[in-house]
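In: Here's a sequence, model it:
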Amino acid sequence: MKDITEKVFLECEKKRTFWLMIMVAGWYGSYTFVERGGVFCNAQTANVVLFGMAIGQRDWPKALYLMVPIGAYFLGAMFSEVLGKSIKRLGILRWDTVLVGIEIVACILLGLLPAKAPDQICQVALNFLCSMQFNTFRQAEGTPAATTFVTNHIRQVGSNLVKLIRHHENEAAKNRVILHGSLLLCFLAGAILCAFLCEYFGYYTIWGAGIILLIVFVRLAWVDTHTEKGMLDQVPRGH
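Out: Here you go, the predicted structure:
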């Protein structure tokens, strides 16, 4: 008999969802670096450093230029908060599901951009999407985890690996090593696969991320309208 105290996680919190979403993020980063301007779109730490350097060197045009991706990331977080509440009131699909649908449409449109289109269009669009994704998918089965970058995953694997070596019976440390390690590997797999396919498909390679997202979307939409239909008011952990 199933333990009634066992935690029940929503599909948007499941590890399998996080594995695919972080693979998409690795794909995004590889795509923009290889095909769209040699930059990464997943996070803004580097841009903030460059922004500070530009101010310190009184390079005002560059500072203003860097405000665009930083601003896009900032607005993405705000939009995800506002839209999340609005979508929830409709009682049809979760915001998490709608966001994945938005990302699919964005991937299709970005793949159709002509080669001569400014790279900044793709960069800013993915900055915006990554911010919304980061703000939406927060915990993988109760464990805080990002789906757009891997700095914390690397730290968690190293930190918990030491704990596990010291105390072999530490199940919590073991589970964290497995979770964060698997997320790190999925991110890496997305980056590797995208870089490889860019040699053959060029700008259209972004559609590969759309295929992965479609798998996630179908699963999330199914549970929203069937197995989790009566749980649309349940807030995912971490929100």
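In: can you give me the strands for this protein?
Out: Assigned by DSSP state E, the chain shows strands spanning 139-140, 143-144.
In: Any idea how far the last one is from the middle of the chain?
Out: I take that to be strand 143-144. Distance, stretch centre to chain centre, for strand 143-144: 14 Å (C-alpha atoms, centre = their mean, to the nearest Å).
In: So what are the sheet partners of it and their directions?
Out: Strand pairing for strand 143-144, using DSSP bridges, gives strand 139-140 (antiparallel).
In: now what about the partner strand, what contacts it?
Out: Here strand 139-140 makes contact (C-beta atoms under 8 Å, 6 or more residues apart in numbering) with 13-15, 17-18, 145, 179, 183, 236-238. (Glycine included, C-beta is placed from N, CA and C.)
In: for these, which one is nearest residue 52?
Out: Closest approach between these and residue 52, by C-beta to C-beta: residue 145, at 28.3 Å.
In: contacting residues for the closest one?
Out: By C-beta under 8 Å, 6+ apart, the contact list for residue 145 reads 18, 137-139, 152-153, 179-180, 183.
In: Can I get the contacts of strand 139-140 in CSV including pLDDT?
Out: As requested, these are arranged in CSV below (pLDDT from 0 to 100):
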residue, pLDDT
13, 97
14, 97
15, 97
17, 98
18, 98
145, 97
179, 98
183, 98
236, 92
237, 90
238, 89
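In: quick one: residue 227 from residue 11, how far?
Out: Per C-beta to C-beta, to the nearest Å, residue 227 is found 8 Å from residue 11.
In: My error: substitute residue 177 in the last question.
Out: From residue 177 across to residue 11, the span is 24 Å (C-beta to C-beta).
In: With residue 212 instead?
Out: Using C-beta to C-beta, residue 212 is found at 16 Å from residue 11.
In: can you tell me the average pLDDT over stretch 213-229?
Out: Taken as a whole, stretch 213-229 has an average pLDDT of 96.
In: how far is that stretch from where the chain is centred?
Out: With C-alpha atoms, centre = their mean, you get 18 Å for stretch 213-229.
In: more neighbours, residue 227 and residue 11?
Out: residue 11 (21 against 10; other C-beta atoms under 10 Å).
In: Nearest residue to the more buried one in space, please, no chain neighbours.
Out: Counting by C-beta to C-beta, 6 or more residues apart in numbering, residue 11 lies nearest to residue 223, which is 4.3 Å off, once chain neighbours are set aside.
In: Give me the neighbour count for the one you found.
Out: For residue 223, using other C-beta under 10 Å, the count is 17.
In: before we move on, what about residue 212?
Out: 21.
In: what do you get for residue 58?
Out: Other residues close to residue 58 by other C-beta under 10 Å number 8.
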